[in-house]
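J.: my questions concern the predicted model and sequence given below.
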Amino acid sequence: MTTADMTNHMTSNNTAGAPLLTVEHLTMRFGGLVAVNDVSFEARGREITAVIGPNGAGKTTLFNCITGFYSPTVGRMTLRHPDGKSFLLEQMPGFRISQKAGVARTFQNIRLFGGMSALENLMVAQHNKLMRASGFGVAGLFGLPSYSRVEKESVELAKYWLDRVRLTELADWQASNLPYGAQRRLEIARAMCTEPVLLCLDEPAAGLNPRESADLAEILTYIRDKHETGVLLIEHDMSVVMKISDHVVVLDYGRKISDGDPDFVKNDPAVIRAYLGEEEDEELPPEVAADLGAELHDGKGA
Amino acid sequence: MEYFLQQLINGLSLGAIYGLIAIGYTMVYGIIGMINFAHGEIYMIGAFVAMITYLAVGALGITWVPLALLLMLAASMMFTSVYGWTVERIAYRPLRSSPRLAPLISAIGMSIFLQNYVQLVQGARSKPLQPILPGNLTLLDGAVSVSYVRLATIVITLLLMYGFTMLISRTALGRAQRACEQDKTMAGLLGVNVDRVISLTFVLGAALAAVAGMMVMLIYGVIDFYIGFLAGVKAFTAAVLGGIGSLPGAMLGGVVIGLIEAFWAGYIGSEWKDVATFTILVLVLIFRPTGLLGRPEIEKV
Amino acid sequence: MTTISASTPAARPVDWPAILREAALTAFVALLLTVPLVGLRSVDQPTGLGLDTRFDQVAAVTLLVFLGRLGLGLIREGRALVVLVLSLLAAAAGFFIELPSEELRVLLIAGGAVLAIRAALTLVTNRSTLSQAERDKRMDRVAAKVQHASRWLAPIGILFAVAFPMMPFADRQLIDIGILLLTYIMLGWGLNIVVGLAGLLDLGYVAFYAVGAYSYALLAHYFGFSFWLCLPLAGLLAAFSGVLLGFPVLRLRGDYFAIVTLGFGEIIRIVLINWYDFTGGPNGISGIPRPTFFGIADFSRNGADGLPSFAEMFGLEFSTVHRIIFLYYLILVLALLVSLFTLRVRKLAIGRAWEALREDDIACASLGINRTNMKLAAFAIAAMFGGFAGSFFATRQGFISPESFTFIESAIILAIVVLGGMGSQLGVVVATFLVIGLPEFFRELEQYRMVAFGLGMVLIMLWRPRGLLAHRDPTILLHGRAKGTQTGSTQAAGGTAP
């Protein structure tokens, strides 16, 4: 079934980007629980690939495998840079995936450095570049000019992204004091400051209002078109997914059930079944419905 | 062989003591996620209260040993529990929502305070006592002799452990305690008085530590205000070794530490026995941070 | 404690039954606490241990606790002025009236004073109407102000420290205290790198202090190396031991890490005690050479080891104070070195990575930061500074033994860092004066020193859990100072959206 879907996707898709991330037969087990079961798909450069699926479908686990927080039980994940270098992600320790392979991510429950300012968050993201320039601290301690040049560049890059996510005004704010939507945007900016080839976003629109969601969509399309960065996102908000994705992968119970462009997925009976369930599941058992009704009544009475 | 058995008994009784203290650490860690640094001092206070009760009982002219022991047990458990309760109330409760370091520093401060307070009111000199339960049980034609005190330690610990397990697994209080361990906020929403449960956790832990203190006083016949620190660290090691948060684990860890110490002291030399304990602590934390009976935890992302 | 909403304090009648019940309960607990340990004391008698009863003290303590709690209750009910007067009277009574025991007197004076301060604070700031969070925010603002003031406060402080030995009132004893304070300040700043910046709770910092001290003592003892050669060597050895110890444990979670470092600290101390042939065991090492004046002159009367006497060389009249003053400047320079390093490193990638690790470990990994290396670097650098301080300690004392490197030392250094406010350098200085300096001036109350120390730690944590001067300034600003300070105020105001 999976391979059939793979070919299906290959033929139905017609975008120009080269394959960036190839996931093959990825399986992740926690004890007896199979969170991700033999999932294969491809994400292309200059494309937004969305991974959707009901709660507990294994989306975040898949993400954690790709970004090195879990090492998968079985499977291969190949990342091909536009310049031809390729990396086998399952063989790299966590932090190298960002450092060497250029995969950046955000988190479902935002993980900013809360006590530091927005600008500092973006400076931390450029850690590896700055470390090299500072001669691992030594040149930096004595303030050598080679270092201050690189530092200036880093600030420029940070400013650029602050501008892109419209946070320049709030650059010196402590990150934890930023409003929620701004925190989401700052996290994306921080990920982009690592200058990645693949940006992974874990539910970036969660908790955003429609306006903020629209903003987010704009930022993501900008990243795709102007920075030639592949975007992989998990999302529940279908309006965002269907509007901006070039390619959608659907998971359910750890398996891939559909794969293709948004229109294809929207009309796939397997997807509809997974989201809406079988007809009979929709109805509440009569005694539960009665209880609920009674409770509501009580609530009004009191 | 006889020597081995002798060390085994020594190790088991020592382990019982560490286990009793370790339960206090493990319960507190389980429920509020902090290392109760002052717990070792609570144990020390238990030993002091037991000693004072013994002296008082002697002054009152009670000479029947079982009654004297019972009084000592009751008094040290009761008064030490009050100390456990007070420490939580003063030094930890107000800091429950503070940054992680604050309660730890407060606990270290409490530990320093209690140690020096006892030194101030009871004097810095170590307190030697006449043996209360003299005599040995001889086994194997006199080759192995087990003092009654050590036997009593093991038996009382087993009894206490049984009662305690029943308390935690069968009673409403135990249920509330376990519920708070899982999720304090939710337990509170469901009508569990979380503050009271936490207080009771400290009280129970202190009572068990008091028993350990009394046993140590009976076995070694000498105590001073400084015994809490080392015993505390070792009992914490036992709790970690068994898997922090796990009650049988604490007991098991205590016994393992006790045995290692006894055999190390018996066969290698007593100077290095503390190094052995600390080395085990370090090795366990590095290679099996969840301990022997703890559940593995997955890094939540 | 029952929380009572105090909207208009003075207008409401005092709820006597509640306050009295509360006070009675507290007094009852105090009674239970003191009956066995205070009321009955074990005393040495010729026939063995005997018992001494002092129930008068128990009664007095219970009464004092009752009154104290009553006072607190009244303060909360808006009767602070009465309490202030009464508590001052009580303290005065403690001073002038004969009491059955000295302990009681101390308790009365201290209790009265604390209550009076509390009442006075309430009167001045109207604190009773503020919630805990609001009070904390106020203190945050004060901390921020102090932090900003450190721009001019720091140079003044350093100038004073430099000029201090030349001041007319600076006698030998005061300079000695100065050296002691500076040693702890240096240790505090060193530990601050690990605890304050990188957020790693190290309970065994004294181990590196010991490594430094013993490195110098042993190198001098066995090879006759001079202090100036040993100082960097001691630092290196301490850093090396930091890497060695740090490597296996740095991936542990917070509290486990703390307890393992405590274990390492104890292991090192026990090794020092038991490795008799090499370290001299519990007797320690004596006759550790004193430092020379940079290898050119010696501080003894007639010079030694082929070096001329310092006094002669500079045409001064010989005095033993010269060496103490030299030691003072030495530790001052060493301490400032640590401070300067911290100031610089915070603005570098490595320092920012440390702070980021403290804030969110997992996010750091997602940004490609090698967590192990960064933590190891923090650990090793802090260990190195600890080693410098240790070898200074050895040369200053001339004698070291394992007794100087107990857990309590680690606890004191950690207390200095945390009480001062994590990450705040000025906080370390303030806390050192409180923790080390203040007790120095109450030497006659020796036996109460550690009791007060422990209690003080608890009280300061309760009062201000994040430390006295907890405030963090960003290391880089986009909009300059003017807006930067605004950040501080938004922070204090709870960071509402614009």
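T.: Structure's in. What do you need?
J.: contacts and neighbour counts: CA atoms only from here.
T.: OK.
J.: isn't C:Ser401 right next to C:Gly287, touching?
T.: No. Using CA atoms under 8 Å, C:Ser401 is not in contact with C:Gly287; the gap is 11.9 Å.
J.: who has more neighbours, those two?
T.: Neighbour totals were compared for C:Ser401 and C:Gly287, and C:Ser401 leads with 21 against 14 (other CA atoms under 10 Å in any protein chain shown).
J.: list the buried residues in stretch A:194-212.
T.: By 16 or more other CA atoms under 10 Å in any protein chain shown, the buried positions in stretch A:194-212 come out as A:194-205, A:208, A:212.
J.: please apply the same query to stretch B:45-53.
T.: Buried residues in stretch B:45-53, defined by neighbour count with 16+ other CA under 10 Å: B:45-53.
J.: and for stretch C:211-230?
T.: C:211-221, C:226-227, C:230.
J.: now do stretch B:189-209
T.: By neighbour count on 16+ other CA under 10 Å, the buried set for stretch B:189-209 is B:192, B:194, B:197-209.
J.: and the average pLDDT for it is what?
T.: What stretch B:189-209 shows for mean pLDDT is 91.
J.: please apply the same query to stretch A:92-105.
T.: 84.
J.: and if you look at stretch A:111-125?
T.: On average, stretch A:111-125 scores 92.
J.: anything in stretch B:41-59 near chain C?
T.: Yes. Legend: contact between stretch B:41-59 and chain C by CA under 8 Å from any CA of the partner chain is shown at B:48-49, B:52-53, B:55-56, B:59.
J.: these in helices, which ones?
T.: B:48-49, B:52-53, B:55-56, B:59 (DSSP state H).
J.: and the furthest pair within those?
T.: Maximum pairwise distance among these (CA to CA): 16.4 Å, between B:Phe48 and B:Ala59.
J.: still on that earlier bit, looking at the buried residues of stretch B:45-53, which one is closest to B:Ala250?
T.: B:Gly46 (19.4 Å).
J.: the closest one: which element?
T.: helix B:39-60 (DSSP states H and E).
J.: and that helix, C-alpha only, in CSV?
T.: Provided in CSV are the C-alpha atoms of helix B:39-60 (Å, rounded to 0.1, in the frame of the first residue of the first chain):
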residue,chain,number,x,y,z
HIS,B,39,16.0,14.8,55.9
GLY,B,40,19.3,13.5,57.2
GLU,B,41,19.0,16.0,60.0
ILE,B,42,15.5,14.8,60.8
TYR,B,43,16.9,11.3,61.2
MET,B,44,19.6,12.8,63.5
ILE,B,45,16.9,14.5,65.6
GLY,B,46,15.1,11.2,65.8
ALA,B,47,18.2,9.6,67.3
PHE,B,48,18.5,12.4,69.8
VAL,B,49,14.8,12.3,70.8
ALA,B,50,15.2,8.5,71.3
MET,B,51,18.3,9.1,73.4
ILE,B,52,16.6,11.7,75.6
THR,B,53,13.5,9.5,76.0
TYR,B,54,15.8,6.7,77.1
LEU,B,55,17.4,8.9,79.7
ALA,B,56,14.0,10.2,80.8
VAL,B,57,12.6,6.7,81.1
GLY,B,58,15.6,5.7,83.1
ALA,B,59,15.1,8.8,85.4
LEU,B,60,11.5,7.8,85.9
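J.: now it, how far from the centre of its chain.
T.: How far helix B:39-60 lies from its chain's middle: 15 Å, per CA atoms, centre = their mean, to the nearest Å.
J.: next SSE downstream of it?
T.: Following helix B:39-60 in sequence, per DSSP H and E, is helix B:65-87.
J.: distance from that following helix to the middle of the chain?
T.: 14 Å.
J.: quick one: it to helix B:39-60, angle?
T.: For helix B:65-87 against helix B:39-60, the angle between stretch directions is 140 degrees (axes from the mean of the first three to the mean of the last three CA atoms, to 10 degrees).
J.: which one is the residue minimising distance to the centre of chain C nearest to, not counting chain neighbours?
T.: By CA atoms, centre = their mean, the mean C-alpha position of chain C lies nearest to C:Ile416, the distance being 2.2 Å. Nearest residue to C:Ile416 in three dimensions, chain neighbours excluded: C:Ala431, at 5.2 Å (CA to CA, 6 or more residues apart in numbering or on different chains).
J.: for B:Ile168, give me its contacts.
T.: B:174-175, B:177-178 (CA atoms under 8 Å, 6 or more residues apart in numbering or on different chains).
J.: at 6 Å what do you get?
T.: B:Gly174 (CA atoms under 6 Å, 6 or more residues apart in numbering or on different chains).
J.: now the buried residues of stretch C:211-230 in TSV, with distance to chain B?
T.: Below are these laid out as TSV (distance: CA to the nearest CA, whole Å):
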residue	distance to chain B
C:Val211	17
C:Gly212	21
C:Ala213	21
C:Tyr214	19
C:Ser215	21
C:Tyr216	24
C:Ala217	23
C:Leu218	22
C:Leu219	25
C:Ala220	27
C:His221	25
C:Ser226	33
C:Phe227	31
C:Cys230	28
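J.: ok so, going back, how about the buried residues of stretch B:45-53 in a markdown table, adding distance to chain A?
T.: Shown next, in a markdown table, are the buried residues of stretch B:45-53 (distance: CA to the nearest CA, whole Å):
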| residue | distance to chain A |
| --- | --- |
| B:Ile45 | 41 |
| B:Gly46 | 43 |
| B:Ala47 | 45 |
| B:Phe48 | 46 |
| B:Val49 | 47 |
| B:Ala50 | 49 |
| B:Met51 | 51 |
| B:Ile52 | 51 |
| B:Thr53 | 53 |
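J.: what helices or strands is the top helix by length along chain B leaning on?
T.: Using DSSP H, we find that the single longest helix of chain B is helix B:2-32. Judged by 3 or more CA pairs under 6 Å, 6 or more residues apart in numbering or on different chains; DSSP states H and E, helix B:2-32 is in contact with helix B:194-220, helix B:227-242, helix B:247-267.
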